[in-house]
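Visitor: Okay, here's the prediction I keep looking at, along with the sequence it came from:
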Amino acid sequence: MAMDLHVNLVGRKDLCGEIYRQLRQAIADGRLGPGDALPPTRHLAGRLSVSRMTVSVAYETLAAEGFVTARVGAGTFVSEHATRRGSPFVKLQGSVLRPRAVWQSIPLPTAFDRPARYDFRTGLPDALLFPHRTWRRLMARAMRSGEVAAGVYQHPAGDPALRAAIARHIAISRGVLTPPDAVTVTNGTQQALDILARVLLAPGDQVAVEDPGYAAARLLLESLGVRVVRVPVDRDGLVVTAIPRGVRAVYVTPSHQYPLGVPMTLARRQALLSWAERHKVAIIEDDYDSEFRFGGRPLEALQTLDGSGLVIYIGSFSKTMLPTLRLGFIVAPSSLRSAVQKAKYVSDWHTSSLVQAALARFIDDGSYARHIRRVGTVYRARHALIVSTLSRDFRQHLELVPSSTGLHVTAVASRLPPSRIVGIAKRAADVGVAVQLWSSFTAGRSQPAGVMLGYGAIATDDIEEGLRRLRACFRD
Ligand SMILES: Cc1ncc(COP(=O)(O)O)c(C=O)c1O
């Protein structure tokens, strides 16, 4: 037994009988399984402040009834034939407690389903390209560092070295100029949004999101009791004229609209900013996968174009590094900084110092920039292969939405009714091909049928065969 079994003698009289009964119950309900060791009598007696004799007698009674077997010199073990009779969890199953109604409409993510043989799901980087060896070394080094070893809680805004490294990195790679003070490290974009919602929105306030749009963001906002208004997206990005009056914040993905993949045009960016200025509305700019660019000119981030301090920029390391690290950040205007840090503090105090220290060094010694260049070359080849195959072999079925950023492309099946595309995706899944549909990201309003093809998770060598199988599903 690896852990100390809980035995409660408070207010009990027959201490020996009580120890016997509680151990027998633990064997019956499976907390102690066949072969598990009981604690040494001296150890348990000391822990319970009873005489060793009291524990020994309890063990002997259990042994006499066959529940346990004593092996000389080794200890006392639960017998192999002592079987489990009941569940210790009965109380948990029968509870009258109910979650708030909003949780009924929120699904658990399916991202951790078993991966398909040909995995075109979006939002996943290639874990095989991650520099595991370097990362292990940096983590070991962080483990030895004074601050982590001291075991003291750290500042909610994050490791100063990481905040400075992020500020330098986004200044160079995205032209987003910020002092390190403006940066708060978070557990991914998801927590960044949670924090901003806590800071900016009260239950009942309205927030605008893109339609189609990123479901995890919308569901988070809904779960907080905020009124989410879905605003349509066209090929230029969010339709600014369709944002209703009265919203307090707008959440957008301008670099690579999720899921359509289009960048928001400069004209739309300017329209959004002047609208926000007129109405004093916060813009939350999610720049989740803009590091990978395969052509065209990068447009300036909303944060860069903003002259009024209305844009809050959020970034993620889920695509450039690994989503499992759970690392992201917020760049907030000075008026919000203190509240953002307080919201991070009440959420979870701070992001793991160990991981922050490792990432700070990874960025500082140039490894991060090198890593992005290296994986970017691989993703560029996959992007090109998918684009050329779609244009050549899917011409009758799909029209590619031009996009040269990020880790997925999308295509419209304008000649197909949305119900047919659902059948095609199902047939594709049956032959080992995972693709996502736009329909999972819309409220169902006026969106044509469309598919998304991610190239983070699929090996370059598997793309042609995966697409060949997908095409066969269109013909069936
Ligand atoms: C639009 C969008 N934002 C952000 C993320 C990353 O989220 P996180 O940083 O919480 O892993 C994703 C991942 O798929 C995404 O699609």
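Guide: Yep, that arrived. The model shown is predicted, which means the values in this text are computed figures rather than measured ones. Residues are numbered from 1 along each chain as shown.
Visitor: rest of the way, CA atoms for contacts and neighbours
Guide: Will do.
Visitor: what does the stretch 1-150 of the chain have sitting close to the ligand?
Guide: residue 123 (CA under 6 Å from any ligand atom).
Visitor: Point me to the residue of the stretch 1-150 of the chain nearest the ligand.
Guide: Residue of the stretch 1-150 of the chain nearest the ligand, by CA to the nearest ligand atom: residue 123 (3.8 Å).
Visitor: That residue looks like it's in a helix, true?
Guide: No: assigned with DSSP: H, G, I helix; E, B strand; the rest coil, residue 123 falls outside any helix and is coil.
Visitor: Now do the phi/psi pair for it.
Guide: Main-chain dihedrals, residue 123, degrees, to the nearest 10: phi 80, psi 10.
Visitor: what's the answer for residue 412, then?
Guide: phi -100, psi 140.
Visitor: So it sits against residue 448, correct?
Guide: Yes: Residue 412 lies in contact with residue 448 (CA atoms under 8 Å); the separation is 6.8 Å.
Visitor: mind listing what's buried in the strand or helix carrying residue 17?
Guide: Residue 17 belongs to helix 15-28 when elements are defined using DSSP states H and E. Using 16 or more other CA atoms under 10 Å as the test for burial, helix 15-28 gives 15-20, 22-28.
Visitor: which helices and strands sit right next to that helix?
Guide: helix 52-64 (3 or more CA pairs under 8 Å, 6 or more residues apart in numbering; DSSP states H and E).
Visitor: Measure how far the helix it packs on is from the centre of its chain, please.
Guide: 50 Å (CA atoms, centre = their mean, to the nearest Å).
Visitor: Could you pull up the mean pLDDT of the helix or strand following that helix?
Guide: Toward the C-terminus, helix 52-64 is succeeded by strand 68-71 as the next helix or strand (DSSP H and E). In this model, strand 68-71 has an average pLDDT of 94.
Visitor: for strand 68-71, packing partners?
Guide: Looks like strand 68-71 contacts helix 52-64, strand 75-78 (3+ CA pairs under 8 Å, 6+ apart).
Visitor: could you redo the last one with a cut-off of 6 Å?
Guide: The contact analysis (3 or more CA pairs under 6 Å, 6 or more residues apart in numbering; DSSP states H and E) places strand 68-71 against strand 75-78.
Visitor: What would the strand it packs on look like as PDB? C-alpha coordinates only.
Guide: Only the C-alpha atoms of strand 75-78 are listed here, as PDB (Å, rounded to 0.1, in the frame of the first residue of the first chain):
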ATOM      1  CA  GLY A  75       4.500  -8.000   6.600                       C
ATOM      2  CA  THR A  76       0.700  -8.500   6.400                       C
ATOM      3  CA  PHE A  77      -1.000  -8.600   3.000                       C
ATOM      4  CA  VAL A  78      -4.500  -8.700   1.700                       C
END
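Visitor: buried stuff in it?
Guide: For strand 75-78, by 16+ other CA under 10 Å, it's 76, 77, 78.
Visitor: Report the contact partners of the first one.
Guide: When you say that, I think you mean residue 76. 37, 38, 69, 70 (CA atoms under 6 Å, 6 or more residues apart in numbering).
Visitor: Recalculate using a threshold of 7 Å.
Guide: Contacts for residue 76 (CA atoms under 7 Å, 6 or more residues apart in numbering) come out as 37, 38, 68, 69, 70.
Visitor: Just the pLDDT for the residue in the stretch 351-476 of the chain positioned nearest to the ligand.
Guide: Minimum separation of the stretch 351-476 of the chain from the ligand (CA to the nearest ligand atom) falls at residue 407, amounting to 9.4 Å. For residue 407, the model assigns a pLDDT of 95.
Visitor: my guess is it meets residue 455, correct?
Guide: Yes: in this structure, residue 407 is within contact of residue 455 by CA atoms under 7 Å, at 5.8 Å.
Visitor: What are the phi and psi values at residue 309?
Guide: Torsion angles, degrees, to the nearest 10, at residue 309: phi 70, psi 30.
Visitor: Distance-wise, check it relative to the ligand.
Guide: 22 Å (CA to the nearest ligand atom, to the nearest Å).
Visitor: Leaving out the residues flanking it, which one is nearest to that residue?
Guide: residue 333 (5.6 Å; CA to CA, 6 or more residues apart in numbering).
Visitor: got a list of what that neighbour touches?
Guide: Counting by CA under 7 Å, 6+ apart, residue 333 has contacts 182, 309, 312.
Visitor: repeat for residue 403
Guide: Counting by CA under 7 Å, 6+ apart, residue 403 has contacts 261, 262, 409.
Visitor: Most neighbours of all those residues, which one?
Guide: residue 409 (27 neighbours; other CA atoms under 10 Å).
Visitor: List the neighbours of the host helix or strand of that one that are in contact with it.
Guide: Following DSSP H and E, the helix or strand that holds residue 409 is strand 408-412. Applying CA under 7 Å, 6+ apart, the contact partners of strand 408-412 are 122, 260-261, 398-401, 403, 448-455.
Visitor: Of these, just say which sits nearest to residue 33.
Guide: Checking the contacts of strand 408-412 against residue 33 by CA to CA gives residue 122 as the nearest, at 42.8 Å.
Visitor: show me the contacts for the closest residue to the closest one other than its chain neighbours.
Guide: Excluding its sequence neighbours, the residue lying closest to residue 122 (CA to CA, 6+ apart) is residue 454, at 4.2 Å. For residue 454, the contacting residues are 120, 121, 122, 123, 407, 408, 409, by CA under 7 Å, 6+ apart.
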